[in-house]
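Participant: show me the folded form of this:
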Amino acid sequence: MKLRYILTTMILLAAINYASGQIVFKEGYLINNKQERTECLIRNVGQEESTSSFQYKLKDDKTIYDIELSKIEEFGVEGEMKCIRALIAVDVSPSRIKSLSDTLSQWEEGHAFLKVLVEGELATLYTWYDQGMTLFFYRYPESAIEPLVYKKYALEITPNIVSQYFYNNTYKEQLRKNLSCGKPGESLKVSYTQKDLVDYFVRYHACKNADCKVFKSSQVKKGSLRFKAGVNSNTMQFNIEEFSDALPNALFSKENTIGYGAELEYLLPFNLYKWGVFAEMNLYSYVTDRLLNADVTSNEDCRVDYSTMEFPVGITHYMNINKDHRLFVRSAFVPHIIMKDSYIQFSKTYRSGFSTSSRALFGAGYNYKRLSFEFRYYTNQNITMNIFKRSSELTQLSFRLSYNLFETKR
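Facilitator: A predicted model of the protein is given here:
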């Protein structure tokens, strides 16, 4: 039985590795240095915000190519995303400083792909994301693409000891000077975030009665909350190690049990909702009076009656095949509560309760629309340390079937 689970998990992980290479291509276009447009399929292989890790393939060709900065001037997905190659200036001055005189900007120029957030008659907003840094740029009539200047400085009185923070909020003055309309001082309320800047550029065009286009990729996404009901088919076995001749080793039989539970999962609003955090409540039991060894003289008097409520808390990583099909892996920390009527009995005159002991689980599965199938492996659990410090191993493998009862809109 255990070998079957291991083989199934290995096959599933291999399928996950294969599937992760098949997703997600969308119909888009490329414009090369000769201004030639090519219809193609585009895939983002990096973080969703990044513009430096894109690949493409032609519709009738399986060969996958990297989108190279030196060869492509523009690429995108109609109505959803647009990226252009541009010469930009980036402030490379250190963010940790020893004195206020160190807050002078140090600009370096280079070419990069910028993602267009808002494209309008009067102004365009861009963003650039690389190595955890998100910067914004803009262009207005008769101007080149310029950085919206912002930087946070940490003043260190001694190494790694920050005494004060300073902010370069020049971008607010840039907006007031070049893109001002409506209430005076409105730009002072704009934070250096994608949501606030996109909203400001949209309001500016509306105030000027001018048209603008907001790309779908510029919209700040919301997380999605799911509530699931689940049923588990568990294979469990219990082994308690010998402590003395009076308390010999006892290997109880392997039993198949059914458990029930509920799950709350939150899909994080980035990287195509590939990451989620979850919390569960599961109730199941393990009952047996069959021993598989002859170390105990009175086998008929031995019995395990174990019921528990567990509360796994962990993370899930999804691999999208398409809109309806996803593979996933997950892991969790598993605290639990043992029901008060649980006991282990070695003889007619000796009965004991159990002690709590947390463990971990690792799972892999397949999600089709609202339905999920999952194989789970639990680390061994010692629940008899209260019995003269006697150790034990409770092993468990599970197959879980869950149904998504409710999900908020993404």
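
Participant: just checking, next helix/strand downstream of the helix or strand residue 284 falls within?
Facilitator: Per DSSP states H and E: residue 284 is located in strand 275-288. Where DSSP H and E defines the elements, the next helix or strand beyond strand 275-288 is strand 303-310.

Participant: tell me what that following strand is packed against?
Facilitator: Counting contacts by 3 or more CB pairs under 8 Å, 6 or more residues apart in numbering; DSSP states H and E, strand 303-310 is packed against strand 275-288, strand 336-338, strand 343-345. Any C-beta I mention is one placed from the backbone N, CA and C, and that applies to glycine too.

Participant: among the ones you listed, show the one with the smallest mean pLDDT.
Facilitator: Ranked by mean pLDDT, the helices and strands packed on strand 303-310 end with strand 343-345 at the bottom, a mean of 88.

Participant: what packs against it?
Facilitator: strand 303-310, strand 351-352.

Participant: residues of it that come out buried?
Facilitator: residue 344 (16 or more other CB atoms under 10 Å).

Participant: please apply the same query to stretch 118-130.
Facilitator: 118, 119, 120, 122, 123, 124, 125, 126, 127, 128, 129, 130.

Participant: in strands, which of those appear?
Facilitator: 118, 119, 120, 124, 125, 126, 127, 128, 129, 130 (DSSP state E).

Participant: out of these, who's nearest residue 255?
Facilitator: residue 129 (52.2 Å; CB to CB).

Participant: separation between that closest one and residue 89?
Facilitator: According to CB to CB, to the nearest Å, residue 129 and residue 89 sit 16 Å apart.

Participant: again with residue 395
Facilitator: 60 Å.

Participant: if we can go back for a sec, export the strand holding residue 284 to CSV, keeping only CA atoms.
Facilitator: The C-alpha atoms that make up strand 275-288 are tabulated as CSV, following Å, rounded to 0.1, in the frame of the first residue of the first chain:
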residue,chain,number,x,y,z
TRP,A,275,0.3,30.6,-4.5
GLY,A,276,-2.2,30.2,-1.7
VAL,A,277,-2.3,29.8,2.1
PHE,A,278,-4.8,27.5,3.7
ALA,A,279,-6.2,26.3,7.1
GLU,A,280,-8.2,23.2,7.7
MET,A,281,-10.2,21.3,10.3
ASN,A,282,-10.3,17.5,9.9
LEU,A,283,-11.9,14.9,12.2
TYR,A,284,-11.0,11.2,11.9
SER,A,285,-10.3,8.1,14.1
TYR,A,286,-8.2,5.0,14.3
VAL,A,287,-9.6,1.9,16.1
THR,A,288,-8.1,-1.6,16.2
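
Participant: that strand packs against which elements?
Facilitator: strand 224-240, strand 255-267, strand 303-310, strand 313-320, strand 325-334.

Participant: list the strands paired with the third one, with their directions.
Facilitator: The sheet places strand 303-310 alongside strand 275-288 (antiparallel), strand 336-338 (antiparallel), strand 343-345 (antiparallel), with pairing taken from DSSP bridges.

Participant: residues touching it, excluding its own?
Facilitator: Here strand 303-310 makes contact (CB atoms under 8 Å, 6 or more residues apart in numbering) with 238, 252, 280-289, 334-339, 341-345, 354, 383, 394.

Participant: ignoring the adjacent residues along the chain, who's closest to the spatially most central residue of the chain?
Facilitator: In the chain, the residue lying closest to the centroid (CA atoms, centre = their mean) is residue 275, at 2.1 Å. Distance criterion CB to CB, 6 or more residues apart in numbering; nearest residue to residue 275, sequence neighbours excluded, is residue 268 at 4.7 Å.

Participant: wait, the one you found sits on residue 223?
Facilitator: Yes - applying CB atoms under 8 Å as the test, residue 268 and residue 223 come out as touching, 5.8 Å apart.

Participant: one step back: for residue 105, state which of the ones in strands among the buried residues of stretch 118-130 is nearest.
Facilitator: residue 128 (16.4 Å).
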